[in-house]
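S.K.: the following block contains a protein sequence and its predicted model.
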Amino acid sequence: MRILVINGPNLNFLGIREKGIYGSKDYNYLLSIIEEKAKETNNTIETFQSNCEGEIIDRIQKAYFDEIDGIIINPGAYTHYSYAIRDALASITAPIIEVHISNIHQREEFRHKSVIAPVCTGQIAGLGLQGYLFALDALMRLQENESLR
């Protein structure tokens, strides 16, 4: 499988910002556990991070033309208001899993609503960096189920 992991604003500041919410592991640690999972499962996983909405949209559109098999996205704060990212994801026919390190439903009221979720296959929130690995497992299972049809 070819999987794209997209991280939005401030994810590159893992281990620096709000450690009580996001933990002390840094972004390079996240990349290393994703890379390790790719090797274990014999998948190709590309990671992409941007603090800019337009760059995220451009990468989603490129994923369409690249015929990516699945997307994992942590849109960061764009989760709550980026209809542009939502619309770009709506063009993708492959499964999409939205991931959040913290439980957005236990945080400030404005974080409870995701405009991204309605165009995603599923959402994982509140399980820390492990949520990315669960999302990878989910994409592989979805692929297996599709091939059984």
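M.R.: Cool, got the structure.

S.K.: ok, then the element right after the least confident helix or strand in the chain by mean pLDDT?
M.R.: Every helix and strand in the chain was compared by mean pLDDT, DSSP states H and E; the lowest is helix 19-22, with a mean of 81. Next in sequence after helix 19-22, counting helices and strands by DSSP states H and E, comes helix 27-41.

S.K.: right, and the helix or strand after that following helix?
M.R.: Defined by DSSP H and E, the subsequent element after helix 27-41 is strand 44-49.

S.K.: what residues sit buried inside that following strand?
M.R.: Residues 45, 47-49 are the ones in strand 44-49 that count as buried (16 or more other CB atoms under 10 Å). To be clear about C-beta, it is placed using only N, CA and C from the backbone, and glycine gets the same treatment.

S.K.: pull the residues that contact the longest helix seen in the chain.
M.R.: Counting by DSSP state H, the longest helix found in the chain is helix 130-147. With contacts defined as CB atoms under 8 Å, 6 or more residues apart in numbering, helix 130-147 is touched by 1, 3, 5, 30, 33-34, 37, 41, 43, 45, 69-70, 72, 74, 95, 97, 99-101, 121-122, 124-125, 127.

S.K.: and the least confident helix or strand of the chain, how far out from the chain middle?
M.R.: Distance, stretch centre to chain centre, for helix 19-22: 18 Å (CA atoms, centre = their mean, to the nearest Å).

S.K.: residue nearest the centroid of the protein?
M.R.: The centre of the chain sits closest to I73, judged by CA atoms, centre = their mean, with a distance of 2.0 Å.
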